[in-house]
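In: Just need the structure, nothing else, for what follows:
(one chain, ligands or ions: 1)
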Amino acid sequence: MARDQRDYYYRLAKEEGYRARSAFKLLQINEKFHIIKRGDSVVDLGAAPGGWLQVARKLSGGRIVGVDLEEIERIPDVITLKADITQESTVDMIKNALGGSADVVICDAAPKLTGAWDMDHAVSVDLARSALRAALKLLKPRGNFVVKVFQGDMFADYLNEVKREFESVQAHTPAASRKESAETYIVAKKLLTGPVRRGDILDVLIESTGKSGDGVAMVDGFAVIVRGAKIGERLRIKIEAVKPNFAFASVLGRKD
Ligand SMILES: C[S@@+](CC[C@H](N)C(=O)[O-])C[C@H]1O[C@@H](n2cnc3c(N)ncnc32)[C@H](O)[C@@H]1O
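Out: Have a look, this model is predicted:
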């Protein structure tokens, strides 16, 4: 069964001119989540041999930059860099090559597998952390991020780190992933840039009333809607959900 599946996507990649069967993973992820749209600028971290770059170019037609430790054979209209995504200086190289910020950062980077399951998992999470750090510096507000991670006991913590930074985050394994593989993809949409994050506890003053009748506190110029709160109240609140332009909070207690 696994062999049939491998052969199927391998053959399809050959037929359709993709350099790697992994191209179908990005196509399937994009079909479900609409991560890359026409005109988007896209950065691909860990991009060799270039299957995802071919897909990104086809889907967006915008500016595309791919980075890998290995040389990437030329793809028309795609800029490629030979660099290590765990190095701080690589982010500056990418920014220069891109000429600005990115709409989408994708990362299919994988360590050379040792077969020692917990070691491979740990290195994969390290790479994914580097990718998240790079994405936070490279993305425009509301930008999207897709990253591969091998499942294991550090997965949940990493997923929560991504959840703090984006409005919607899901883990997804596309059909083209091999059944025996531990890989999964975290699909994160709409980078948050406001000053608060889900779970934050803050002391605030309710300054106005929103359309819903709930109280509104301003945190560094960012509106936080506090359910059931009244103007003039000083409250301890907990941030429950964050959107790009405002957040929702519940009341933990009153501060007299
Ligand atoms: C599964 S392949 C990517 C396949 C690619 N998405 C495609 O469709 O052709 C994983 C890549 O991650 C790269 N990689 C691993 N660690 C890296 C690092 N620290 N910096 C840059 N690339 C890295 C590897 O060299 C390898 O080419």
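In: so how far is residue 186 from the one residue in the stretch 51-200 of the chain that gets nearest to the ligand?
Out: Going by CB to the nearest ligand atom, the ligand is nearest to residue 51 of the stretch 51-200 of the chain, at 2.8 Å. The way it works is simple: take the backbone N, C-alpha and C, and place the C-beta from them, glycine included. Residue 51 sits at a distance of 19 Å from residue 186 (criterion: CB to CB, to the nearest Å).
In: which residues does the most centrally placed residue in the chain form a beta bridge with?
Out: Centroid-nearest residue in the chain, with CA atoms, centre = their mean: residue 145, separated by 2.4 Å. Beta bridges link residue 145 to residue 105, residue 188, judged by DSSP bridges.
In: Surely it touches residue 162?
Out: Yes. With contact defined as CB atoms under 8 Å, residue 145 counts as touching residue 162 (7.3 Å).
In: Common neighbours of the two, please.
Out: 132, 186, 188 (CB atoms under 8 Å, 6 or more residues apart in numbering).
In: got TSV for the residues you listed, with distance to the ligand, pLDDT and neighbour count too?
Out: Compiled in TSV, those are given as follows (distance: CB to the nearest ligand atom, whole Å; pLDDT from 0 to 100; neighbours: other CB atoms under 10 Å):
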residue	distance to the ligand	pLDDT	neighbour count
132	14	98	20
186	15	98	24
188	17	98	26
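In: Of those, which is the nearest to residue 107?
Out: residue 132 (8.6 Å; CB to CB).
In: Secondary structure of that closest one: a helix, I assume?
Out: Yes. Per DSSP: H, G, I helix; E, B strand; the rest coil, residue 132 lies within a helix segment.
In: Quick one: residues contacting it.
Out: Residue 132 sits in contact with 145, 147, 158, 161-162, 165, where contact means CB under 8 Å, 6+ apart.
In: neighbour-wise, which of these leads?
Out: The most crowded member of the contacts of residue 132, judged by other CB atoms under 10 Å, is residue 145 (28 neighbours).
In: need the contact list for that one.
Out: By CB under 8 Å, 6+ apart, the contact set of residue 145 is 104-107, 131-132, 135, 139, 162, 166, 186, 188, 191.
In: now with 10 Å?
Out: Each residue near residue 145 by CB atoms under 10 Å, 6 or more residues apart in numbering is listed here: 35, 43, 102, 104-107, 131-132, 134-136, 138-139, 162, 165-166, 169, 186-191.
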